[in-house]
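Engineer: Dropping a prediction and its sequence here:
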Amino acid sequence: MAHTFYKQKGGEDESYRAESQLLQDHGHDVARYERHNRELDGQSVSQTALNTVWNSRCAREIAAFTAHSQADVVHFQNTFPLMSPAVYGAARRQGAAVVQALRNYRYSCVNGLLFRDGQICEACTGRSFALPGIQHRCYRHSAVGSAVVATMQSAHKLMHTYDRQVDVYIAVSAFVREKYIQFGISPERIVVKPNFVYPDPGAQLTPGDYAVFVGRLSPEKGVRRLVETWQREQFGMELRIVGDGPERERLEAQVGRDSGIRFLGGLPLAQTYAQIAGAAFVVVPSEWYEPFGRTAVEGLAHGTPVVCADIGGLSEIIDEGVTGFKFTAGDTDALASALRRAVDRHTDPTLRVQARAAYEQRYSAEANYGALMAAYARAAHHRAAR
């Protein structure tokens, strides 16, 4: 299992940990190859650019790691930017089947979000070179950085790295699978397996008296619209915001002394789960094509209903009026209406029971283990056939 941790921890990091632990707990020998994006702080710009496109050092390390562990499968989670796509062939040359998780849109989009200037953007979809991404400085507001990412994408498409060196892709939702088919990946090579919450945190079926948002405080997450709507509507309960990000300072200044909204900052996982468990409902107001929505499933795992935008992979998680409430992404009035429905029914125990049942049926370890092993078997078969 290979993964590059983000500087600011997020859902991909937790999903990597969950899958690694799940396999180990089922008796598999799991060797972990880990990098951390903090390593970028000590690199020159030119070295980072070269490594993003082709990191020879990581390729050698992956080859040695694969050979030493006699791995049957090498499952890559996040490889950007430290590992580079060079690692696929390195693992494959040692006889392993190669699996790549699909949890963002980096294959086609420079910033990996399909989101720019506060709205959905697919300007680079279908292009052999992501020129609009460079023109709009989509990667960290840098033309140079954006050019490096676009070059990585284009170079490996030309070399057919994604076609020839990856046996199976695991998409976290049907929506992500369809997007990657649009990007040009063969449908036969993409399976769908959602993220899951492991270990099982257990359900809290007593209705709470506050709402909670958990996530990165950035434009695509929709937290600004949530705060503005909460202030305007006065729902009569507290909104707690767990997380950090570039919008935090501005949002805290906007809220001021508003006692109806409280910023808790980034919290350890156990404390975050405690906030989710004790909430009346979780709010996921994303305005981008959320690939999955791990926070929504964490809500279900605790038996906490979810109010979420009807967009991307989120649409597949919540059943309207059964496990939570959905609204049109980016629509303030629709968000207010969904929040009002959640507030009005927050003491209804049926919602919490149904939320927990949905977790057990679709997003528990038991539901995911078989799907993960089936994906690995498919990858091994494809590797042998090639």
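Structural biologist: Sure thing, it's come through. Numbers count the residues shown, from 1 in each chain.
Engineer: only C-alpha atoms for contact and neighbour calcs from this point on.
Structural biologist: OK.
Engineer: Where do the strands of the stretch 151-300 of the chain begin and end?
Structural biologist: Assigned by DSSP state E, counting those that start in this stretch, the strands in the stretch 151-300 of the chain fall at 168-171, 190-192, 210-214, 238-242, 261-265, 281-284.
Engineer: what's the neighbour count on Pro268?
Structural biologist: Here the number of neighbours of Pro268 (other C-alpha atoms under 10 Å) works out to 7.
Engineer: Would you convert the strands of the stretch 151-300 of the chain into CSV that also reports mean neighbour count, distance to Tyr6 and mean pLDDT?
Structural biologist: Formatted as CSV, these follow (neighbours: other C-alpha atoms under 10 Å; distance: least, C-alpha to C-alpha, whole Å; pLDDT from 0 to 100):
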stretch, mean neighbour count, distance to Tyr6, mean pLDDT
strand 168-171, 26, 20, 98
strand 190-192, 22, 24, 98
strand 210-214, 25, 17, 98
strand 238-242, 22, 18, 98
strand 261-265, 17, 17, 97
strand 281-284, 30, 21, 98
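Engineer: Could you point out which of those strands sits nearest Ser364?
Structural biologist: Nearest of the strands of the stretch 151-300 of the chain to Ser364, taken as C-alpha to C-alpha: strand 190-192 at 15.1 Å.
Engineer: what residues does that closest one touch?
Structural biologist: Val168, Tyr169, Ile170, Ala171, Val172, Ser173, Ala174, Arg177, Ala375 (C-alpha atoms under 8 Å, 6 or more residues apart in numbering).
Engineer: between the residues you listed, which is nearest Val214?
Structural biologist: Nearest to Val214 among the contacts of strand 190-192, with distances taken as C-alpha to C-alpha, is Val172, at 19.3 Å.
Engineer: Enumerate every residue touching Ala174.
Structural biologist: Val192, Gly313.
Engineer: Do me a favour and get the end-to-end distance for stretch 81-101?
Structural biologist: 15 Å (C-alpha to C-alpha, to the nearest Å).
Engineer: Would you mark the buried spots in it?
Structural biologist: Going by neighbour count (16 or more other C-alpha atoms under 10 Å), the buried part of stretch 81-101 is 81-92, 94-101.
Engineer: Stretch 175-190 too?
Structural biologist: So for stretch 175-190, counting by 16+ other C-alpha under 10 Å, buried means Phe175, Val176, Arg177, Lys179, Tyr180, Phe183, Ile185, Arg189, Ile190.
Engineer: Adding distance to Asp117 as columns, could you present those residues in a markdown table?
Structural biologist: Shown next, in a markdown table, are these (distance: C-alpha to C-alpha, whole Å):
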| residue | distance to Asp117 |
| --- | --- |
| Phe175 | 22 |
| Val176 | 22 |
| Arg177 | 25 |
| Lys179 | 21 |
| Tyr180 | 23 |
| Phe183 | 22 |
| Ile185 | 27 |
| Arg189 | 33 |
| Ile190 | 30 |
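Engineer: Ile134: which of those residues is nearest?
Structural biologist: Phe183 (18.4 Å).
Engineer: Just the ones in strands from the buried residues of stretch 81-101, please.
Structural biologist: Residues of the buried residues of stretch 81-101 located in strands (DSSP state E): Ala97, Val98, Val99, Gln100, Ala101.
Engineer: and the angle from the helix or strand harbouring Tyr376 to strand 97-102?
Structural biologist: Secondary structure from DSSP states H and E places Tyr376 in helix 365-385. Here helix 365-385 points in a direction 130 degrees away from that of strand 97-102 (axes from the mean of the first three to the mean of the last three C-alpha atoms, to 10 degrees).
Engineer: Give me the buried positions along helix 365-385.
Structural biologist: Of all the residues in helix 365-385, those buried under the rule 16+ other C-alpha under 10 Å are 365, 367-369, 372, 375-380, 382-383.
Engineer: cool, and stretch 337-354?
Structural biologist: Ala338, Leu339, Arg341, Ala342, Val343, Arg345, His346, Pro349, Leu351, Arg352, Val353, Gln354.
Engineer: Output these as JSON lines; include the columns secondary structure and distance to Arg116.
Structural biologist: Supplementary listing: the buried residues of stretch 337-354 in JSON lines, determined by DSSP: H, G, I helix; E, B strand; the rest coil; distance: C-alpha to C-alpha, whole Å:
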{"residue": "Ala338", "secondary structure": "helix", "distance to Arg116": "26"}
{"residue": "Leu339", "secondary structure": "helix", "distance to Arg116": "26"}
{"residue": "Arg341", "secondary structure": "helix", "distance to Arg116": "31"}
{"residue": "Ala342", "secondary structure": "helix", "distance to Arg116": "30"}
{"residue": "Val343", "secondary structure": "helix", "distance to Arg116": "32"}
{"residue": "Arg345", "secondary structure": "coil", "distance to Arg116": "35"}
{"residue": "His346", "secondary structure": "coil", "distance to Arg116": "35"}
{"residue": "Pro349", "secondary structure": "helix", "distance to Arg116": "40"}
{"residue": "Leu351", "secondary structure": "helix", "distance to Arg116": "35"}
{"residue": "Arg352", "secondary structure": "helix", "distance to Arg116": "36"}
{"residue": "Val353", "secondary structure": "helix", "distance to Arg116": "38"}
{"residue": "Gln354", "secondary structure": "helix", "distance to Arg116": "36"}
